[in-house]
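Participant: only geometry, no sequence info:
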Ligand code: SAH
């Protein structure tokens, strides 16, 4: 930690706070107490931490601050609520709460903008300005829970940004929401989604986090993938699949492949057969995503029958597959859409 500069308390994992207290010659148990105040009782000042000694409170106040993110707008539909937040440097990010029958799932942003340049994605129209700090991801969850007076049961890192391009902060964020002394979201209720940054997937294997991994695949061969996802020019499909097989072997966990169906681009019968062949025998499942059309991008959603045919081919070829339920058409819930529209209104 930088001496003399007060840091956002929400940036800290329990382990980092333990180290902080050890350096102060205090019992590391204090970190658990602080975590319980922050994430169980949700206090927003150190003075409210009444079981902690005054002198400790005094230096905590010097070393840390409680930052906030400001809610700018909120758009609601039956089963979805979309939030636009303003950060301390006036940048804007989004979070989306989806109400499923199994619980409340929050889609969290990890960066301001995104450099991956996927052709179909609204978020990438704004290049990356900066990574989100860990605390800025934590605050998305705290704010949404406060605002809607609910508890989030699932977190997906599928908002604006590429989580593995902000690896360390994302891992700390997962750690904070997963810690049982705090928010205590189960590992299996947390999903990190990546467009396929291979070195980071390898690091993720080593880190051994028990959270779910989703891969944005969207194409069944390099030629097609290169056209819609520039990242695949750097990390080839074969290498990506090899890495995922290694992940499955090491972790014994099932991987999700996301596949957006884009009309006339990647939704043909041959694409489905090629995809089935690519994933044959892997412990995985495919999540088919009906494309959420956006006014700035020319891609169109495949029609319902094409989606069902694609689904059937995968099923017949023994690939586990689901079709993602569509959320938030009224509230422009696809990545980056709310922020894009808000800008236009200004
Ligand atoms: N960068 C990460 C996470 C953010 S995007 C990743 O690529 O996985 C989360 C998912 O939403 C990705 O699968 C992405 O391809 C998909 N997506 C982006 N724009 C979309 C749109 N307009 N309609 C449907 N899905 C979209």
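Facilitator: Yep, it's here. From a predicted model like this one, the values you see are computed outputs, not experimental measurements. Residues are numbered from 1 along each chain as shown.
Participant: And the helices in the stretch 101-250 of the chain?
Facilitator: 134-148, 167-178, 198-207, 222-228, 231-234, 237-251 (DSSP state H, counting those that start in this stretch).
Participant: Buried by neighbour count: which residues of the third one qualify?
Facilitator: If you call a residue buried by 16 or more other Cβ atoms under 10 Å, then helix 198-207 has these buried ones: 198, 200, 201, 204, 205. Bear in mind the C-beta positions are built from the backbone N, C-alpha and C, glycine included.
Participant: export the residues you listed to a markdown table and tack on distance to the ligand and pLDDT?
Facilitator: Shown next, in a markdown table, are these (distance: Cβ to the nearest ligand atom, whole Å; pLDDT from 0 to 100):
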| residue | distance to the ligand | pLDDT |
| --- | --- | --- |
| 198 | 14 | 98 |
| 200 | 11 | 98 |
| 201 | 12 | 98 |
| 204 | 13 | 98 |
| 205 | 17 | 97 |
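Participant: Can you tell me which of those residues is nearest residue 186?
Facilitator: residue 204 (18.0 Å; Cβ to Cβ).
Participant: Which neighbours in the sheet does the top strand by length along the chain have, and how are they oriented?
Facilitator: In the chain, with assignment by DSSP state E, the single longest strand is strand 92-100. For strand 92-100, the paired strands and their directions (DSSP bridges) read strand 80-86 (antiparallel), strand 103-107 (antiparallel).
Participant: So what's the gap between the shortest one and the chain middle?
Facilitator: Centre-to-centre, strand 103-107 and its host chain are 11 Å apart (Cα atoms, centre = their mean, to the nearest Å).
Participant: does any part of it sit near the ligand?
Facilitator: No - judged by Cβ under 6 Å from any ligand atom, strand 103-107 stays clear of the ligand, getting no closer than 7.9 Å.
Participant: Mind listing what's buried along that strand?
Facilitator: Neighbour-count burial for strand 103-107, counted by 16+ other Cβ under 10 Å, picks out 104, 105, 106, 107.
Participant: Using JSON lines, lay out the strands paired with strand 92-100 together with mean pLDDT.
Facilitator: Listed next are these as JSON lines, based on pLDDT from 0 to 100:
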{"stretch": "strand 80-86", "mean pLDDT": "96"}
{"stretch": "strand 103-107", "mean pLDDT": "97"}
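Participant: Report the separation between residue 17 and the ligand.
Facilitator: Going from residue 17 to the ligand by Cβ to the nearest ligand atom, to the nearest Å gives 29 Å.
Participant: and that residue, what helix or strand is that in?
Facilitator: Assessed by DSSP states H and E, residue 17 sits inside helix 14-23.
Participant: Thanks again, I'm all set now.
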